[in-house]
Each structure stands twice: as C-alpha cells, then as structure tokens.
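>>> A predicted structure for the sequence below; I have some questions about it.
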Amino acid sequence: MWLSCSIPSLLVFAFLVLTVMGTAADKSAVLTLKENSAENIEGCYGQRKDLALCFVINETFVQLKSNDNRTLAHFRDLQDGMFLFQVLDYVFLGKKSSKFPVYLKFIPRKHSNLHDNTWKEIFYLENNYPVTNRDSEFSDKFHSALDRLKNTRKLVLLHHLSTELIKNVGNHPLLMRFHMLAMTLEPKYGSNGSVVPGSSVTREKRALFQEDKHNTCQDLRSDPYNNDCLGMCGLGCTCWSRICGNCCRNQFCYEHDLCCGHAWISTGCLLPFIHTMSCENGYGGYPSCLQ
C-alpha cells in the first residue's frame, strides 16, 4: 500500500523538480552579441555550453548554427533573383519568382563555398530533371526537414532567441527576416494543422511593444470581421506580434495571407523570408504568388 502511494508522489515530485530546473534554465540563458551594426547582427544565445544557438544576420544572408557548428538553417540571396535555403542537410534552390524551389538530391560537400554562377548551373541541371509532382516533392522534403529539426534539442531556444533579440536589439530592419525564418522553423508551425504559441506567449511578445503601440490600431485577435483574422501576423487568429509589433492588420501580413490562401504549398507562402518585407508597404512575393 505504501509503495503504490509513494510512486505517484515521487513522480509528482520529479515533475516539479524538472519544471523548476527548466524555468531556471530559461532565466539563465544569455544573449551575447559579437556584432550589432546596421549591416550585420551576429552572436550566440545559450543556457549552457552544450545548449546554444549561434546566428549571423545581414541583408542577404541568415545563418543559424548549433554551438557545435552544425548548420540548423541557412538562407542566402543569390544572383539573378535566385535563393538558397537549407534546413539541416536538406537544401532547396530556386528562383524567387518560381512557385516551388528545387530540392537538391546531390550537392557538393563544400557547397557553402560555391560561387553564385555554380549554383545557377546546378539549378538548371536539377530543374531539367523530370519530376512529375514538383509541388509534392517540395512539400514532402520541406516538412521532412522540419520534422527532423524539431527533434534537435537546440531548437527549444529559438523562440526565446527571437524574443531576446527584440529586447536587446529592438526593431532593427534586419531582424524581420530572422523572425519570419524563426517562425517557419518552430515546431508549432509549418503545416495546415499546426498549433501556434499560446496566449501566455502572445502576451509576452505583446508586452515588448506596449511602449510604442498604445491602441493605435484595431486588435484582430477576436476576429471582428469574421475573416480568420486576415492581415494579422500569425497562423489563423493567433498573433505573432514579434513580426510587426502588434496584433492588428499589417499590409505585409495581409498580402502574405493572400498568398497562403491561394497556394499553401508554395514558395510565396512557406518561404516568405526570401522576399522583401515591410509591415507598412507590403510583401515582395505579392502579387506574383497569385499566378
């Protein structure tokens, strides 16, 4: 009788201890900025030596690595309107104007050092390879990459890193692309049935911008127009205020919503960070995404 009663008690105790340890770990995480300039933001964010994310963010290049130098995500602009996007060892290459990028089945080992012209040659070679359902291939490989990434322990830091950059760097023009990339990579994003961060997280993000945003626009979280919060940043009616700093209609999020409504599995919807983004002036992938 004592044993049967004590096991649940021990489990509850263990759960409480782990919860306290997890909370303490969040508070002990440190953001270290190696560079914070108009052209480049670089640094690391971690809780321990073996649990950290390192990042480089500039106008044409975003890289996210673990502290053991493993590439978690990599994006860069290439010449002639092309882009390269990598998640773990999944590499996608495409034109920004194309509906689907090409998944590279065979890539050079030292691909990070390849010249833009070489990437262009690889793209045309791959693009000429007959694939019956390019959209299905992109969808399968993209979501396989995200599924593998969500099992990476370091990814738990990504949400907090995005928040800490807002606190410590502010509304830097370079950060919007990073926040969109982070949102795409988070385990709770990336599929039609995904569940996005809850209300407590939303309140945390919203509080970061309260000094600048005092009831200056219509809050859409209650879906006042019965249109699934069209134009608010976030999936459905869950607000990602770190993108534009509020839970209102923003031109960028409005145009991106239209792209996703037209074709969920597409470059314009799932990879918005490859295009120019402005909360006020709109989304560079629109209206071409509707074609």
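Right, received. Where do you want to start? Numbering: from 1, shown residues only.
>>> and the nearest residue to residue 142 once chain neighbours are set aside, what pLDDT?
Distances taken as C-beta to C-beta, 6 or more residues apart in numbering place residue 270 nearest to residue 142, at 6.4 Å, with adjacent residues excluded. Where C-beta positions appear, they are placed from N, C-alpha and C, glycine not excepted. For residue 270, the model assigns a pLDDT of 94.
>>> and residue 270, backbone torsions?
The phi and psi torsions at residue 270 (degrees, to the nearest 10) take the values phi -80, psi -20.
>>> Also residue 259?
Backbone torsions of residue 259, given as degrees, to the nearest 10, read phi -60, psi -40.
>>> roughly how far apart are it and residue 249?
To residue 249, residue 259 is 16 Å away according to C-beta to C-beta, to the nearest Å.
>>> which one of these two has more residues nearby?
Between residue 259 and residue 249, counted using other C-beta atoms under 10 Å, residue 259 has the larger neighbour count: 23 against 19.
>>> In this model residue 289 seems to touch that one, though I could be wrong.
Yes: between residue 259 and residue 289 there is a contact under C-beta atoms under 8 Å: 3.7 Å.
>>> which residues do those two both contact?
266, 268-269 (C-beta atoms under 8 Å, 6 or more residues apart in numbering).
>>> Next, format the residues you listed as JSON lines and append neighbour count, distance to residue 220 and secondary structure.
As requested, the shared contacts of residue 259 and residue 289 are exported to JSON lines (neighbours: other C-beta atoms under 10 Å; distance: C-beta to C-beta, whole Å; DSSP: H, G, I helix; E, B strand; the rest coil):
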{"residue": "266", "neighbour count": "20", "distance to residue 220": "24", "secondary structure": "coil"}
{"residue": "268", "neighbour count": "28", "distance to residue 220": "22", "secondary structure": "helix"}
{"residue": "269", "neighbour count": "19", "distance to residue 220": "19", "secondary structure": "helix"}
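>>> will you turn those into TSV that also has distance to residue 72?
Conversion of the shared contacts of residue 259 and residue 289 to TSV gives the following (distance: C-beta to C-beta, whole Å):
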residue	distance to residue 72
266	23
268	23
269	22
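>>> Looking at the residues you listed, which one is closest to residue 65?
Ranked by distance to residue 65 (C-beta to C-beta), the shared contacts of residue 259 and residue 289 are led by residue 269 at 26.2 Å.
>>> Helix, strand or coil: sort out the spatially closest residue to that closest one that is not a sequence neighbour for me.
Excluding the flanking residues, the one nearest residue 269 by C-beta to C-beta, 6+ apart is residue 260, at 4.0 Å. The three-state label given to residue 260 by DSSP: H, G, I helix; E, B strand; the rest coil is helix.
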